[in-house]
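A.B. asks: Below is the sequence, then the predicted model.
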Amino acid sequence: MSELIPGLDDLSQKGCIEVSSGGSEFEWMKFEQRKLYTNAFIVVDGKILLGYKKRGFGVHKYNGFGGKVDAGETSIQAASRELMEEAGIESSLEHAGTFLFLIAGVEWAFHIDIYRADSYTGTPIETEEMHPHWFRINDEDHLDTPPIPFDKMWESDDLWFPLLLKKRNFIVRTDYIREGERDVLRKWCVKETSFNAS
Ligand SMILES: Nc1nc2c([nH]c(=O)n2[C@H]2C[C@H](O)[C@@H](COP(=O)(O)OP(=O)(O)OP(=O)(O)O)O2)c(=O)[nH]1
């Protein structure tokens, strides 16, 4: 039985398989409040849609589409709204994972619901916040499409992307510190919560 990740529901961790962890020499960071966020990934025909963030938090990184859950909204409503606002598309989203993200200097924890979908309607468009691009998810197909740019994403994303792409559900916690201009991963744990591959 692996260590329980503080800040994430204990019950959802029962019977989970730990996929990756690190930074055991450090304590998990303390936090007083959490804010709810979403992040949505579209994976169709061997390609994933990511947005290049043009401004704000995580600027110049590639990511799914998402942001804060507004008052009065459910998480999935927020995820659908953000997908439309940031990429101009609609999709039927499924919950994929729960992610607790901390970064030194921000006093709240980001509680991020991660969604995925294998279809969408509309045409992805560049918006004020994001520029959408497709990436291939393996090296067998679509060699004319670039591979997922992990070197331009949050450092820990390559730890849980394989689960997202295999349609396995997961929980993640990552604690980052800031070193100058860089966000550096200090402690993390990734667990798979579902074992029924579809
Ligand atoms: N892939 C990935 N995404 C992350 C990490 N950490 C993190 O906050 N995110 C996501 C969650 C959100 O989708 C987004 C942060 O929200 P945001 O900065 O775009 O939200 P915002 O305040 O601009 O909100 P909004 O105006 O769009 O509502 O970044 C991470 O380590 N990896």
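C.D. replies: Here it is on my side, so go on.
A.B. asks: How about the residue in the chain that the ligand sits nearest to: what's its closest non-neighbour residue?
C.D. replies: The ligand sits closest to Gly67 of the chain, with a gap of 2.3 Å, by CB to the nearest ligand atom. No exception for glycine: its C-beta is placed from N, CA and C like everyone else's. With CB to CB, 6 or more residues apart in numbering as the criterion, Gly67 has its nearest non-adjacent residue at 4.9 Å, and that residue is Glu82.
A.B. asks: May I ask which helix or strand encompasses that neighbour?
C.D. replies: Following DSSP states H and E, one finds Glu82 within helix 75-87.
A.B. asks: List the buried residues for that helix?
C.D. replies: Ser75, Ile76, Ala78, Ala79, Ser80, Arg81, Glu82, Leu83, Glu86, Ala87 (16 or more other CB atoms under 10 Å).
A.B. asks: need the helices for the protein, in chain order.
C.D. replies: Listed in chain order, the helices of the chain (DSSP state H) span residues 75-87, 157-165.
A.B. asks: Surely the residue of the chain closest to the ligand is in contact with Ala87?
C.D. replies: No. Using CB atoms under 8 Å, Gly67 makes no contact with Ala87, being 11.9 Å away.
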